[in-house]
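**Q** fold the following.
(one chain, ligands or ions: 2)
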Amino acid sequence: MSIISDDNSFKQAQKTETKNPVIKAESFESDKNFENSIRPKSFDTYIGQSALKETLKITIAAAKKRELPLDHLLFYGPPGLGKTTLAGVIAEQMNVPIKITSAPALERPRDIIGILMSLKGGEILFIDEIHRLNKVAEEILYPAMEDFYLDMTTGKSQTVKTLRVPLPKFTLIGATTKAGELSGPLRDRFGIVHRLEFYTDEELAKVITRTAGILDIEITEEGALAIARRSRGTPRIANRLVKRVSDFALVKHDGKITESVANESLDILKIDNYGLDNTDRNLLKLIIEKYNGGPVGIETIAAAIGEDVRTIEDVCEPFLLQAGLIQRTPRGRKVSPACYSHLGYRNIDINEQKSLF
Ligand SMILES: Nc1ncnc2c1ncn2[C@@H]1O[C@H](COP(=O)(O)OP(=O)(O)O)[C@@H](O)[C@H]1O
Ligand SMILES: [Mg+2]
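**A** Numbering: from 1, shown residues only. Ligands and ions are numbered 1, 2, ... in the order given. A predicted model of the protein is given here:
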C-alpha cells in the first residue's frame, strides 16, 4: 500500500516539532496556582456534567437530612475533566473541610494512618490517582472505609497486640483515570461510582468565557467557541488555551479574543481542528507510516514516540478513541479511515481503507 502524506514524514515531524506540555490535559505542579484561581467552588459555577450534578445534589441533600456523612464516592475519567474540582464543590456544599492527597504520597503505612487519624467527623478525604495505592495502604483503608476503625499492631513477635482505633465518620472521595486498575475490593467499598464525560463545545465555551472573566480577558462568543472546538472536550485544556491565545491577542492584536484571533493563534500553536497536538499527531502518523495503519502494540508506539505507556493510555487515547480516530483491538491500536483524511493522507485506495477494519 502506498501512502503519500501532504505533511512532513513522520521522522521529520519528530525532529522539528517539539512537545508542548502546556496544552496537555495532565496536571502540572507549575499550573496549580493558576488552576486553583479559576476552579469553580459551587454547583452553579461547575459547568456541564448535568446528570452527575443532579444525582450528587440529591445524594447531598439526603445526607444532610439524615445528618450523616456522604457515602464514599469514586470519580473516574480522563485527566482535566473536573474530578478534583468536583470534590471541592461537594465539600463546599456539605459545608465540611476537605483534605487533598494522592496515592503516590501514601507510600508508607504511616502516611495513610497519619492522614486517617487526623480527620474530623464529616470531613472529606480526597485521594487522587487512587488506582496507584499499594496493597498495604489498601488493607488499612478497607476497615476505615467500611466500619471507621484502624487496626494497629504494637509490640514484637510473641507480644504483638492488635489495637482497634476508632475513627470519626468521614467521606472518602477517590479519583482515577483508570477505573479498571482499581482492585475489586476497593472499588466495592465506594457507595457511589461516577464517570465524568467529555464536555460539549458549548459547555467548554462557557468554561472559557467564565475563565476569561476571572482573568480580565476580553473575548467574543465566537472567540470562545473557536477555542472550545479545539480543546478536546476538556476544561483544563480550554483554560490553558485561553491563556495562550490571550497572550497572542495582546502581542499581535489589541488584546481582544475574536474568532479570527483565536483561530490564527491556535494555528500557530499547531493545534488542529480536532484539538490534536504534536504528540497525538506523531502517534497517529507512526501507526500510519510505520505500521500500515495498525494494529500495533501500545508498548511499541510508546517506545517509538518517546512517551510512556501510561501517558498514552490515560491522556492521549481516551480522546482519540472518542473522536473515532483510533480503535483498540486485541492485537493493538488501529487508525480509522477518518484519521487518514484528517491528517491529510491521500491516494489511498478506498478498498484498502476498508480492509483495514
Ligand atoms: N465543570 C467545570 N466547570 C468549569 N471549570 C472546570 C470544570 N471542570 C474542570 N474545570 C477546570 O478545569 C481544570 C481541571 O479540573 P480538575 O478538577 O483539576 O480535573 P481532574 O481532577 O479531573 O484532572 C480546573 O482548573 C478547573 O477550573
Ligand atoms: Mg485532579
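**Q** which residues of this structure lie near ligand 1?
**A** Contact residues, the chain versus ligand 1 (Cβ under 6 Å from any ligand atom): 27, 35, 38-40, 46-49, 79-85, 175, 207, 235-236, 239. In short, each C-beta sits where N, CA and C put it, glycine included.
**Q** buried residues in the helix or strand hosting Asp267?
**A** Assigned by DSSP states H and E, Asp267 belongs to helix 259-268. By neighbour count on 16 or more other Cβ atoms under 10 Å, the buried set for helix 259-268 is Val261, Ala262, Asn263, Glu264, Ser265, Leu266.
**Q** re the thing from before, the residues of the chain next to ligand 1 in strands, which ones?
**A** The members of the residues of the chain next to ligand 1 that map onto strands under DSSP state E are Ala175.
**Q** show me how to select, in ChimeraX, the buried members of the residues of the chain next to ligand 1.
**A** Buried members of the residues of the chain next to ligand 1, defined by 16+ other Cβ under 10 Å, are picked up in ChimeraX with:
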select :35,38,39,40,46,47,48,49,79,80,81,82,83,84,85,175,207,235,236,239
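**Q** in the stretch 201-350 of the chain, what residue spans correspond to helices?
**A** Secondary structure of the stretch 201-350 of the chain (DSSP state H, counting those that start in this stretch): helices located at 201-214, 221-229, 235-252, 259-268, 278-291, 298-305, 309-311, 317-322, 337-342, 350-355.
**Q** how about those helices in CSV, adding mean pLDDT?
**A** Converted to CSV, the helices of the stretch 201-350 of the chain look like this (pLDDT from 0 to 100):
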stretch, mean pLDDT
helix 201-214, 97
helix 221-229, 97
helix 235-252, 95
helix 259-268, 95
helix 278-291, 92
helix 298-305, 93
helix 309-311, 86
helix 317-322, 92
helix 337-342, 90
helix 350-355, 47
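**Q** residues touching the residue nearest to the spatial centre of the chain, list them.
**A** The chain has Pro79 as the residue nearest its centroid, 0.7 Å off, counting by Cα atoms, centre = their mean. The contact partners of Pro79, taken as Cβ atoms under 8 Å, 6 or more residues apart in numbering, are Ala25, Glu26, Ser27, Thr177, Thr234, Arg236, Asp314, Val315.
**Q** most surrounded residue in the residues you listed?
**A** For those, neighbours were counted using other Cβ atoms under 10 Å, and Thr234 has the most, 27 neighbours in all.
**Q** can you pull the contacts of that residue?
**A** Shown in contact with Thr234 (Cβ under 8 Å, 6+ apart): Ala25, Pro78, Pro79, Gly80, Leu81, Phe198, Tyr199, Leu204, Phe319.
**Q** please apply the same query to Ile115.
**A** Counting by Cβ under 8 Å, 6+ apart, Ile115 has contacts Lys99, Thr101, Leu106, Leu125.
**Q** how about the secondary structure of it?
**A** Put simply, Ile115 is helix when judged by DSSP: H, G, I helix; E, B strand; the rest coil.
**Q** gap between it and ligand 1?
**A** Remark: distance between Ile115 and ligand 1 (Cβ to the nearest ligand atom, to the nearest Å) = 19 Å.
**Q** next one: Pro69
**A** Here the criterion is Cβ to the nearest ligand atom. By it, Pro69 lies 22 Å from ligand 1.
**Q** how about Ala302?
**A** Counting by Cβ to the nearest ligand atom - Ala302 and ligand 1 are separated by 21 Å.
**Q** quick check: beta-bridge partners of Ala175?
**A** Applying DSSP bridges to Ala175 gives these bridge partners: Phe75.
**Q** I'd assumed Met145 was in a strand, is it?
**A** No: assigned with three-state DSSP, Met145 falls outside any strand and is helix.
**Q** please name the nearest non-neighbouring residue to it.
**A** Spatial nearest neighbour of Met145, chain neighbours left out: Arg189 (4.7 Å); criterion: Cβ to Cβ, 6 or more residues apart in numbering.
**Q** if I pick the one you found, what's in contact with it?
**A** Residues near Arg189 by Cβ under 8 Å, 6+ apart: His72, Leu141, Tyr142, Met145, Glu146.
**Q** residues near Ile237, how many?
**A** The number of residues packed near Ile237 is 25, by other Cβ under 10 Å.
**Q** repeat that for Gly155.
**A** 10.
**Q** pLDDT score assigned to it?
**A** For Gly155, the pLDDT comes out at 78.
**Q** surely it touches Lys161?
**A** Yes: Gly155 is in contact with Lys161 according to Cβ atoms under 8 Å; the separation is 5.4 Å.
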